[in-house]
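>>> just the structure for this:
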Amino acid sequence: MAGRAPGTRTFRKEGPEADGVSDDAGRDRDLTAPRALRDYAVLADGERGAIVGPQGEIVWMCAPRWDCDAVFARLIGGEGSYSVTPAARFVWGGYYEEGTLIWRSRWVTDEGVIECREALALPGDPHRAVLLRSITPGDAPARLRVSLEPRGARRPRRRVAGHRDGVGAGRAAARRHGRPA
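Presented below is the predicted three-dimensional model:
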C-alpha cells in the first residue's frame, strides 16, 4: 500500500467498547486484557529481550539476562509493568525499522499522532539493562500516561524528572542480593 512504512501493521480500534481502553472520562485502561500474540513486538540486544504490547506496555522482560527473573511479567499474569500510553482514546499500530529490532509504536488519537521508538541497547555493564523509549508527538502536544513498577524489587528506587519543553527522563533501579539490578 502506498505511503505505508515497510512492516507497518494494520491499525486496530481501541476504546471502552473494545476492551477497556479509557477515554478522557478517566476510566482506567485494562492493560491485562488478553491479546493475540501477533499484537506484540519483541525488542532484544543479544543478552536480554522485552515484549511490547499495543498499548505501550512492556509486558515481559527478564534482566539483566534472558535466564534471570522477570522484571516485567504482565504477559503471564504476573507483577511488574512499564507503560507509556496515550491519555486519550487511540488507534494503534507499529512497525520494525528495517533490518533491526527497533520497534516504532504509533498511536493515532483525536489530538494527533504519537510515535514511540523503542529498543534495548547493549549496556557496558553486563549486570544492567538499558531500555530506550523516545516519544515523538505529531503537530500537537502529546498527553501520555507513564507507569513504572518493576517486579521483585525489595525497595525500588524511581526517579522521574520533568524538563523544559515537555522533555522528561526516568530511571528505576532495584536492589537484589545486595547489588543494584
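>>> check what contacts stretch 55-67 and list those residues.
Stretch 55-67 is contacted by residues 14, 21, 29, 31, 40, 47-53, 68-76, 81-86, 92, 105, 107, 116, 126-129, 131, 181 when judged by CB atoms under 8 Å, 6 or more residues apart in numbering. The way it works is simple: take the backbone N, C-alpha and C, and place the C-beta from them, glycine included.
>>> quick one: mean pLDDT for that stretch?
For stretch 55-67, mean pLDDT is 89.
>>> between its first and last residues, what's the separation in it?
26 Å (CA to CA, to the nearest Å).
>>> hang on, the earlier thing: what subset of the contacts of stretch 55-67 is buried?
Among the contacts of stretch 55-67, those classed as buried by 16 or more other CB atoms under 10 Å are 14, 21, 29, 31, 40, 48-53, 68, 70-75, 81-86, 92, 105, 107, 116, 129, 131, 181.
>>> what comes up buried for the strand ranked longest in the chain?
The longest strand of the chain (DSSP state E) is strand 112-121. Using 16+ other CB under 10 Å as the test for burial, strand 112-121 gives G112, V113, I114, E115, C116, E118, A119, L120.
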